[in-house]
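S.K.: Predicted model and sequence below, questions to follow.
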Amino acid sequence: MSTHTEHADNPKAEAAKYLATLVVLLILTAITVGASYINFGSGNIVIALAIATVKAIIVGLIFMHLLHDKPVNAVIAVGGFVFLGIFLMFDFIDVGSRTNPQPINLHAPPAATAPAAAGAPAAGAGAAADTKKE
Amino acid sequence: MSTTTVDLHQDPHGHGGEHDPHHQHHFTTMEQQFDTSKIGMWLFLVTEVLTFGGLFAGFGLMQNKYPQEFVAAHEELKRWAGSTNTVVLLISSFTAVMAVLSARTNQGKKCAKYLWITVGFGAIFMCIKAYEYSADFAEGLFPGKFYSHHGDLIAGSHGYATFFSFYFMMTGLHGLHVLIGMGLMSWLAIRASRGEFSDKYYTPVDLVALFWHLVDMIWIYLFPLYYLIT
């Protein structure tokens, strides 16, 4: 257990480090709440999640001891988040690359006018491509 | 054959009084035992991350589908309550890590004190959450088909009910974790005040603290996504 006890050589310094970490986390919380009152447009969610990620990393490194712990624990933790990232990324790529078929069908122009406007040889494909652009 | 087995043990059973009562037979050293437990805990925490990850993905997809409704629905949540709960959980994470430090430095009484304070902060968190829930219920802000709030801008949209389905599911599951954490911390506090933990053996305190920090970490994401979206 030597690797774990050597940091407890100076419990006072250790406690001070944890207290400083808490203060940093509270300041970051205040910044998040403050930033939410300012309108950055779509930047708000990016700022909020970026600060949340910084906070989570601080908690992981200091409070969960990943910084001074055996590397295998960090590998497991980072591995988990990497796979979560892959999961979220493909979810949003999937959703982002889809079009909702229902509104397109509802607003589809009459089949006769669509090929003429698009000038496409295949009537069906032309109509579909045309309505998707709207 | 038996000699090789015994040689693996630094402190074999039945030889000398140095043996730690917490040391289990199938581990070579206490350090190996501690590290093994910790790896197991981290693997469990990863499954927790992925469980909540699925819910976060669903929330993100539905927010993508109902952007206006989600922003309107989040106005119903009390920002001061969410902020206070964030502060409460962060302080409780600090007291949890102090409990680990105390256990590791042979201060059983101090460890028990910090664990009880952590339980207390958990209770404050749950009280604020209960207040929020009851205020939501009073306004008809229920999940799914039970949603009966009046005066929504986009009448008949499923977006509001969907928001509250996710809100109650995710904060409810998170709250359940807080309750479980409080239970574990209370159990450890009793054991700590009996002097069961020392620098030789504090594995349960360390692992439960890890669990508590993960619950805090999940709230760090829940808070901006639910209370601060614009």
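M.R.: On my side now, so go ahead.
S.K.: Which helix or strand contains residue 88?
M.R.: Here I'm looking at chain A. Residue A:88 is located in helix A:71-96, with elements delineated by DSSP states H and E.
S.K.: wrong chain, I was asking about chain B
M.R.: Residue B:88 is located in helix B:79-104, with elements delineated by DSSP H and E.
S.K.: Okay, buried residues for the helix holding residue A:88 please.
M.R.: Using 16 or more other CB atoms under 10 Å in any protein chain shown as the test for burial, helix A:71-96 gives A:73-74, A:76-77, A:80-81, A:84, A:88, A:91. The way it works is simple: take the backbone N, C-alpha and C, and place the C-beta from them, glycine included.
S.K.: for residue B:198, helix, strand, or coil?
M.R.: For residue B:198, the assignment made with DSSP: H, G, I helix; E, B strand; the rest coil gives coil.
S.K.: quick revisit: which of the buried residues of helix A:71-96 lies closest to residue B:77?
M.R.: residue A:88 (23.1 Å; CB to CB).
S.K.: for the closest one, what are its contacts?
M.R.: By CB atoms under 8 Å, 6 or more residues apart in numbering or on different chains, the contact set of residue A:88 is B:53, B:56-57, B:60.
S.K.: Show me where chain A dips below the pLDDT cut-off.
M.R.: Chain A contains residues with pLDDT under 70 at A:1-9, A:100-134.
S.K.: Quick one: the helices in it, in order.
M.R.: A:2-5, A:11-36, A:43-58, A:71-96, A:101-106, A:113-118, A:123-133 (DSSP state H).
S.K.: what does chain B give?
M.R.: Secondary structure of chain B (DSSP H): helices at B:2-8, B:30-65, B:67-74, B:79-104, B:108-138, B:159-193, B:203-227.
S.K.: Out of those helices, which gets nearest to residue A:69?
M.R.: Residue A:69 sits nearest to helix B:30-65 of all those, at 7.6 Å, using CB to CB.
S.K.: Give me the distance from that closest one to the chain's centre.
M.R.: Counting by CA atoms, centre = their mean, to the nearest Å, helix B:30-65 is centred 11 Å from the centre of its parent chain.
S.K.: so that helix versus helix A:43-58, what angle?
M.R.: Put simply, helix B:30-65 runs at 170 degrees to helix A:43-58, going by axes from the mean of the first three to the mean of the last three CA atoms, to 10 degrees.
S.K.: got the buried residues for the helix holding residue B:88?
M.R.: Under the neighbour-count criterion of 16+ other CB under 10 Å, helix B:79-104 has B:79, B:82-83, B:85-104 buried.
S.K.: now stretch B:116-128
M.R.: B:116-119, B:121-122, B:125-126, B:128.
S.K.: Ok, stretch B:33-41 next?
M.R.: Under the neighbour-count criterion of 16+ other CB under 10 Å, stretch B:33-41 has B:33-35, B:38, B:41 buried.
S.K.: restrict the residues you listed to those near chain A?
M.R.: For chain A, the contacts drawn from these by CB under 8 Å from any CB of the partner chain are B:34-35, B:38.
S.K.: Could I get those residues in JSON lines, plus columns for pLDDT?
M.R.: Converted to JSON lines, those look like this (pLDDT from 0 to 100):
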{"residue": "B:34", "pLDDT": "92"}
{"residue": "B:35", "pLDDT": "92"}
{"residue": "B:38", "pLDDT": "95"}
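S.K.: Distance from the chain centre to the helix holding residue B:88, please.
M.R.: Remark: helix B:79-104 is offset 11 Å from the chain centroid, using CA atoms, centre = their mean.
S.K.: Show me what it is packed up against.
M.R.: In terms of contacts (3 or more CB pairs under 8 Å, 6 or more residues apart in numbering or on different chains; DSSP states H and E), helix B:79-104 is packed against helix A:11-36, helix B:108-138, helix B:159-193, helix B:203-227.
S.K.: tilt between it and helix B:108-138?
M.R.: Helix B:79-104 runs at 160 degrees relative to helix B:108-138, counting by the same axes, to 10 degrees.
S.K.: so for helix B:79-104, what's the average pLDDT?
M.R.: Helix B:79-104 shows an average pLDDT of 96 in the prediction.
S.K.: could you give the angle of that helix to helix A:11-36?
M.R.: Interaxial angle, helix B:79-104 versus helix A:11-36 (the same axes, to 10 degrees): 170 degrees.
S.K.: could you check the angle helix B:203-227 makes with helix B:79-104?
M.R.: 170 degrees.
S.K.: How about the contacts made by the residue nearest to residue B:43 when sequence neighbours are not counted?
M.R.: Among residues not flanking residue B:43 along the chain, residue A:76 sits closest, at 6.0 Å (CB to CB, 6 or more residues apart in numbering or on different chains). Residue A:76 is in contact with B:39, B:42-43, B:46, counting by CB under 8 Å, 6+ apart.
S.K.: I'd like to know which of those residues are buried.
M.R.: Those of those that meet the buried threshold are B:42, B:46, by 16+ other CB under 10 Å.
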